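Student: Predicted model follows, preceded by the sequence.
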Amino acid sequence: MTPEQVDALIAENVRATRARRQMRQQDLADELGWARPTVSTVEMGTRRISFTDAIGLCRALGIDLRELLRGADAEVFEVLGIDRRAED
């Protein structure tokens, strides 16, 4: 996957998870200590996510990194050393 494809995938997963949790963008921004427009740029896929951002997003959304990367190619998980299968 290209970096742009990973950005788009994370954007969709953040947006979908936030919606399932019935959080507003402002709620997520407050949890992260970000401005609401920053959350918007993440969800549009126009803001590159650092590893530190990914940790914060996972914590704020109550998900793990596998969920944040749901739909990524196996290679992405292999590079990160993550078993992409959910723990039972």
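Tutor: Yep, that arrived. Numbers count the residues shown, from 1 in each chain.
Student: how distant is the lengthiest helix in the chain from the center of its chain?
Tutor: Counting by DSSP state H, the longest helix found in the chain is helix 3-20. Averaging C-alpha positions (CA atoms, centre = their mean, to the nearest Å) puts helix 3-20 5 Å from its chain's average.
Student: What are the contacting residues of it?
Tutor: For helix 3-20, contacts defined as CB atoms under 8 Å, 6 or more residues apart in numbering pick out 1, 25, 27-28, 39, 42-49, 54, 57, 61, 63, 67-72, 76. C-beta here means a position set from N, CA and C on the backbone, and glycine is covered the same way.
Student: could you give me the average pLDDT of that helix?
Tutor: For helix 3-20, the mean per-residue pLDDT is 96.
Student: name the helices or strands packed onto the helix or strand that comes right after it?
Tutor: Tracing the chain C-terminally past helix 3-20 and defining elements by DSSP states H and E, one meets helix 25-32 next. On a contact count with 3 or more CB pairs under 8 Å, 6 or more residues apart in numbering; DSSP states H and E, helix 25-32 meets helix 3-20, helix 36-43, helix 51-61.
Student: could you dump those helices to a markdown table with distance to residue 83 and mean neighbour count?
Tutor: Shown next, in a markdown table, are those (distance: least, CB to CB, whole Å; neighbours: other CB atoms under 10 Å):
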| stretch | distance to residue 83 | mean neighbour count |
| --- | --- | --- |
| helix 3-20 | 18 | 16 |
| helix 36-43 | 25 | 18 |
| helix 51-61 | 16 | 16 |
